[in-house]
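Undergrad: Need a 3D model of the sequence below.
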Amino acid sequence: MDFAKDFKTSFNELKKHKIIIVPSLLSLIIPSILILSFFYFSGFYNIGIDLIKFTHQYNAEKEKYFAENQNFSDVNYTREYFNYIGQTDDYKKEMINKYLQERGLIDENHIEKAFFSLVNAKNIMLLITFVLIILGVSFYLSCVSFAIITLNIKKRDLNFENVVNMANKFLLSLLSLRILIFFIIGIPIILGIAVLTSSFFINVLLGGLLTFFFIIASIVYIIFVALRLFFATPIMFIEEKSSLDSLKFSYNITKHHLKQVLLVSAIMYGILVFVNSLGGSPLYEGFVSFVVSGDIAKLITRQLTNSIFI
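TA: Just a heads-up that it's a prediction; the model follows:
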């Protein structure tokens, strides 16, 4: 595969259809706004901001102290400097004591009480509500991302109506696909944990030994399944297959190409980390490598590589 050519094609497509990046941008912006809203309405915001402001102020005062020549001869200068550089427990304790003194508080328990007083039924329900909203919005935006990519591949207009219709059409299918993948990965691991737990009742040494092998086996299994089902989501959208058929198709076409898929997925992950993209970006998981033969495979690959620059 010519990566340079594919990336260049992806850039060109992105320039022509900037709407491709909109769902990814929204998936960054909306959850951030919701998280800040939760902290604001729950009351954690005021306490947190106060502590952050004081920390910056305290560090600035220390930096000024260390920069003044007349302070070099102080007996505690070296000790305080290394405490500041290492942010040691002594430094943090000194900072907390000064915070308590300036705020007219007696001890550290007042800070803890202020925080724990906000852990109430109202804020717990508020947290659950915000988490559900974030999960729902993120999931729908991931569906919208695939819808836009699919419409672009099929050379259809990327207008609002088409995008929404396409996203709504595959919404339940994508949900069922995610649930199936969760069970495929989760059930064997849950059963393994159950067996592992029971082994400790037989023999602690045996349980510890099995735990070591279980961790390794779980990592290998997750990677194996992820690679075999790597194409499931883009195949479901572009080929319009059911969630189950998409899983089967992805599993079959990766049978003799795991090394290639692993290489491409590793490169994609590295680039995504480098550009600070979302680890769970819907476009990322839809990247298709050269293991699929046919024009549709090339088209999928070139279009979905847009994700690394979003």
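
Undergrad: Please enumerate the strands of the stretch 1-150 of the chain.
TA: When assigned using DSSP state E, counting those that start in this stretch, the stretch 1-150 of the chain turns out to have no strands.

Undergrad: which residues of it fall in helices?
TA: Counting by DSSP state H, counting those that start in this stretch, residue ranges of the helices within the stretch 1-150 of the chain are 3-16, 22-42, 44-67, 77-86, 89-103, 109-116, 121-153.

Undergrad: Burial-wise, tell me which of these comes out on top.
TA: With neighbours defined as mean count of other Cβ atoms under 10 Å, these peak in mean count at helix 121-153, which reaches a mean of 17. In this view, the C-beta of every residue, glycine as well, is placed from N, C-alpha and C.

Undergrad: which helices and strands does it pack with?
TA: Under the contact criterion of 3 or more Cβ pairs under 8 Å, 6 or more residues apart in numbering; DSSP states H and E, helix 121-153 touches helix 22-42, helix 160-202, helix 232-238, helix 282-285, helix 295-304.

Undergrad: After the third one, which helix or strand is next?
TA: Counting by DSSP states H and E, the next helix or strand C-terminal to helix 232-238 is helix 243-253.

Undergrad: what's the model's confidence in that following helix, averaged?
TA: Helix 243-253 shows a mean pLDDT of 92.

Undergrad: That helix versus helix 160-202: what angle between them?
TA: Note on geometry: by axes from the mean of the first three to the mean of the last three Cα atoms, to 10 degrees, helix 243-253 and helix 160-202 are set 70 degrees apart in direction.

Undergrad: Tell me how far helix 243-253 lies from the chain's centre.
TA: A distance of 25 Å separates the C-alpha centroid of helix 243-253 from that of its chain, computed with Cα atoms, centre = their mean, to the nearest Å.

Undergrad: any residues touching it, and which ones?
TA: Contacting residues not belonging to helix 243-253 are listed as 173-174, 176-177, 180-181, 184, 228-233, 235-236, 239, 241, 291-292 [Cβ atoms under 8 Å, 6 or more residues apart in numbering].

Undergrad: again with stretch 217-229
TA: Judged by Cβ under 8 Å, 6+ apart, the contacts made with stretch 217-229 from elsewhere in the structure are 181, 184-185, 188-189, 192, 247, 250-251, 254, 258, 261-262, 265.

Undergrad: buried sites along it?
TA: Buried residues in stretch 217-229, counting neighbours by 16 or more other Cβ atoms under 10 Å, are found at 227-229.

Undergrad: where does the stretch 51-200 of the chain dip in pLDDT?
TA: Within the stretch 51-200 of the chain, the stretches falling below the threshold (pLDDT under 70) are 100, 103-115.

Undergrad: which one among the contacts of stretch 217-229 gets closest to L28?
TA: Relative to L28, the closest of those is S265; by Cβ to Cβ it sits at 22.2 Å.

Undergrad: And the closest one, its phi and psi?
TA: phi -70, psi -40 (degrees, to the nearest 10).

Undergrad: wait, isn't it in contact with F230?
TA: Yes - under the criterion of Cβ atoms under 8 Å, S265 makes contact with F230 at 6.7 Å.

Undergrad: check contacts around the closest residue in space to L174 that isn't next to it in sequence.
TA: Counting by Cβ to Cβ, 6 or more residues apart in numbering, the nearest residue to L174 once its immediate chain neighbours are dropped is C143, at 5.2 Å. When contacts are counted by Cβ under 8 Å, 6+ apart, C143 touches 167, 170-171, 174, 282.

Undergrad: Which two among those residues are spaced furthest apart?
TA: Taking Cβ to Cβ, the two most distant members of these are L171 and P282; they sit 12.7 Å apart.

Undergrad: More neighbours: which of those two?
TA: For the pair L171 and P282, the greater number of neighbours falls to P282 (25 against 15), based on other Cβ atoms under 10 Å.

Undergrad: now, which of the contacts of C143 sits nearest S27?
TA: Distance ranking of the contacts of C143 against S27, using Cβ to Cβ, places P282 first at 8.2 Å.

Undergrad: Tell me the confidence at the closest one?
TA: 42.

Undergrad: do the same with I296
TA: The per-residue pLDDT reported for I296 equals 41.

Undergrad: go on, the one 5 residues further on?
TA: For T301, the pLDDT comes out at 46.

Undergrad: Could you do the one 4 residues further on as well?
TA: T305 is assigned a pLDDT of 46 by the prediction.

Undergrad: quick one on the thing from earlier: tell me which of S265 and F230 has more neighbours.
TA: With neighbours defined as other Cβ under 10 Å, S265 and F230 compare such that F230 has more, 26 against 18.

Undergrad: Now the more buried one, what are its backbone angles?
TA: Per degrees, to the nearest 10, the residue geometry at F230, taken as phi and psi, is phi -60, psi -30.
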